[in-house]
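Please find the sequence and the predicted model below.
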Amino acid sequence: MQIRFTKMQGAGNDFVVLDETQGRLGLTPAHYRLLGDRHFGVGADQILTVRPSPGPGIDFEYVIHNADGGEVEQCGNGARCFARYVRDCGLTDKDTIRVQTRSGVIAPQLTPDGRVTVDMGCPVLEPARVPFEASGLQPQQQGQGQHWPLELGNGGPTVMVSVVSMGNPHAVQIVADVDAAPVATTGPLIEHHPRFPQRVNAGYMQVVARDHIRLRVYERGAGETLACGTGACAAVVAGIRLGLLDARVDVDTHGGRLSIAWGGQPTDAVLMTGPATFVFQGQIELPDTL
Ligand SMILES: N[C@@H](CCC[C@H](N)C(=O)O)C(=O)O
């Protein structure tokens, strides 16, 4: 089958965007893996699918697959690209849209400077709901926040992580120098750690100032990406809870800057602002069954 796609990126986190507003393409996890493959497919960290409104008060459904083919609950950089896509392709004329994801409704808004601000909803802080299996562990309390000791096994180090869900699970650790952080070696161990039953995205945050962090994320199902929007939200939430950050923080990633704002209460929504850019469009021949 021939399918049309659009390639987009947000702070270097790159996406294949598919339009299913006129009908389902009938893709399997293996198709999504092939689309995400940088050698045999188009290449992307995630594949985003636009579907029609699933119900009243909602403009679209937003479906997210990681490059490994697995469907996930949330993708922040993707949400900005999704909003730019539906607006610039003429699927809506609204500046603020309401989008159903697997983990709830989010509200991206196109801003006059060309960036997109997304109301990402409230963070989930209870370990069991991240989900993180904390039984038998003693957390280190700092401010309102907690660092949990995570043994990486096989003689590996024990790292201290804060756990936060932004609809998808994150484990954030503080490092002195993000460029020197052992992301490639410890990232996969944290992603697959048995205390995270749904696996986890592993964030490495360097606090530069109370309004500025540097961040790398080893993403569940995709490996290290140039930026992770939900990872930036989770890191800022963790940093504010630990008393290290103010309510507005610039997050520098290897792919660009994101700005995150959070009021500090569990009932406050996290706002994320950043770029969303078209790269190219094309079509690809996929095997009918895969
Ligand atoms: N790149 C994303 C997150 C995509 C999903 C993540 N890998 C997961 O499995 O939860 C973002 O910008 O938030």
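Yep, that arrived. Model, not experiment: these values are computed from the prediction. Numbers count the residues shown, from 1 in each chain.

When you work out contacts or count neighbours from here on, use the C-alpha atoms and nothing else.
Will do.

all strands for the stretch 51-200 of the chain, in order.
Secondary structure of the stretch 51-200 of the chain by DSSP state E, counting those that start in this stretch: the strands cover 60-66, 71-72, 99-101, 104-110, 116-119, 140-142, 145-151, 158-165, 169-174.

Once you drop chain neighbours, what's closest to residue 44?
Spatially, and ignoring its direct neighbours in sequence, residue 44 is nearest to residue 36 (4.5 Å; CA to CA, 6 or more residues apart in numbering).

ok, the one you found touching residue 70?
No: judged on CA atoms under 8 Å, residue 36 makes no contact with residue 70 at a distance of 11.3 Å.

Give me the more crowded residue out of those two.
In this view residue 36 and residue 70 are compared by other CA atoms under 10 Å, and residue 36 has more residues nearby, 26 against 18.

give me every residue that touches the more buried one.
Neighbour list for residue 36: 16, 42, 43, 44, 45, 46, 47, 66, 67, 68 [criterion: CA atoms under 8 Å, 6 or more residues apart in numbering].

change it to 6 Å
Listed by CA atoms under 6 Å, 6 or more residues apart in numbering, the contact set of residue 36 reads 43, 44, 67.

And for residue 9?
Residue 9 neighbours (CA under 6 Å, 6+ apart): 15, 277.

that's a helix at it, yeah?
No: per DSSP: H, G, I helix; E, B strand; the rest coil, residue 9 lies outside any helix segment and is strand.

Look at it and report its pLDDT.
As predicted, residue 9 sits at a pLDDT of 98.

Over to residue 156?
Reading off the model, residue 156 has pLDDT 80.

Residue 253 too?
Reported pLDDT for residue 253: 98.

Please apply the same query to the one 5 residues further on.
Reported pLDDT at residue 258 in the predicted model: 98.

so can I have TSV of the strands of the stretch 51-200 of the chain showing mean neighbour count and distance to residue 24?
What follows is the strands of the stretch 51-200 of the chain, written out as TSV (neighbours: other CA atoms under 10 Å; distance: least, CA to CA, whole Å):
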stretch	mean neighbour count	distance to residue 24
strand 60-66	23	12
strand 71-72	18	16
strand 99-101	22	17
strand 104-110	19	21
strand 116-119	23	26
strand 140-142	12	48
strand 145-151	19	42
strand 158-165	22	30
strand 169-174	27	28
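
Out of those strands, which is closest to residue 229?
Distance to residue 229, taken as CA to CA, is lowest for strand 116-119 among the strands of the stretch 51-200 of the chain, at 10.0 Å.

Quick check: residues of the stretch 51-200 of the chain near the ligand?
Within the stretch 51-200 of the chain, the positions lying close to the ligand (CA under 6 Å from any ligand atom) are 66, 72, 74, 75, 76, 77, 78, 168.

Where does residue 239 sit: helix, strand or coil?
Under three-state DSSP, residue 239 falls in the helix class.

ranges for the helices of the stretch 101-250 of the chain?
Taking DSSP state H, counting those that start in this stretch as the test, the helices found in the stretch 101-250 of the chain are 183-191, 229-241.

Go ahead and name everything in contact with the first one.
Contacts to helix 183-191, defined as CA under 6 Å, 6+ apart, come from residues 199, 200, 201, 202, 218, 220.

Wait, the fifth one touches residue 224, no?
Yes: using CA atoms under 6 Å as the test, residue 218 is close enough to residue 224 to be in contact (4.0 Å).

Compare these two and say which one has the larger neighbour count.
residue 218 (27 against 21).

How much space separates the more buried one from residue 138?
25 Å (CA to CA, to the nearest Å).

Kindly report the same for residue 188.
23 Å.

which ones are touching residue 65?
46, 47, 71, 72.

Please repeat the previous calculation with a cut-off of 8 Å.
32, 46, 47, 48, 71, 72 are the contacts of residue 65 under CA under 8 Å, 6+ apart.

Distance to residue 91 and pLDDT added to the residues you listed, as CSV?
Shown next, in CSV, are these (distance: CA to CA, whole Å; pLDDT from 0 to 100):
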residue, distance to residue 91, pLDDT
32, 23, 98
46, 21, 98
47, 19, 98
48, 15, 98
71, 24, 98
72, 24, 98
